[in-house]
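Asker: When you get a sec, could you give me coordinates for this:
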Amino acid sequence: MRKTMKWAIVCMMALCASVTLMSCSDDNGKVDVSAGEIAGHWICVYQHWVDWGDVYDADYEPDGEYYITLNEDGTGELDSGSDQLMEIWGFMRFTWTVQGNRLLLFDERDWIEEEEVFEVKRLTDNELELCWDDGEVVITCRFVRAD
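Answerer: Okay, here's the model as predicted:
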């Protein structure tokens, strides 16, 4: 019984460590952003996702097919083009805000009442990197400013 309990504790610790390593959070690289800094039209050029241990990468042409627009008035839109961008299919209008290093999107479609939360991993004048993590899937997208 004691040996089984030790084994269960070791397994739980290993599981917790693996989930922690896969998540978006990185306190050392925490980036606090303001709405003014992140507002703009961003084109996705790269997407990396880990889905239950399977790893996928996609490079996109900077032709504007995959984008997110964050308007200064707190409205925005995202278009996934012919792919799934940041776990969102198709076109989406939303309102948005920032809190620390998190970008929060509030979907304007009536049947969805959840917010989407993205961690801002990197933000410069011309580059934006967002990470989405639901505990099972981790997606990182890299954008370039188009405006």
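
Asker: Apart from its chain neighbours, what residue comes closest to Asp51?
Answerer: Using C-beta to C-beta, 6 or more residues apart in numbering and skipping residues adjacent in sequence, the residue nearest Asp51 is Val137, 4.9 Å away. Quick note: C-beta positions are derived from backbone N, CA and C, even for glycine.

Asker: try Thr95
Answerer: Thr95's closest residue in space is Phe106 (C-beta to C-beta, 6+ apart), at 4.8 Å.

Asker: one step back: contacts only, for the residue nearest to Asp51.
Answerer: Trp49, Val50, Asp51, Trp52, Glu87 (C-beta atoms under 8 Å, 6 or more residues apart in numbering).

Asker: switch to 7 Å and redo it
Answerer: Each residue near Val137 by C-beta atoms under 7 Å, 6 or more residues apart in numbering is listed here: Trp49, Val50, Asp51, Glu87.

Asker: can you check Glu77 too?
Answerer: Thr69, Phe91, Met92, Arg93.

Asker: Let me know the closest of those to Asp79.
Answerer: Using C-beta to C-beta, Phe91 is the member of those that lies nearest Asp79, at 5.1 Å.
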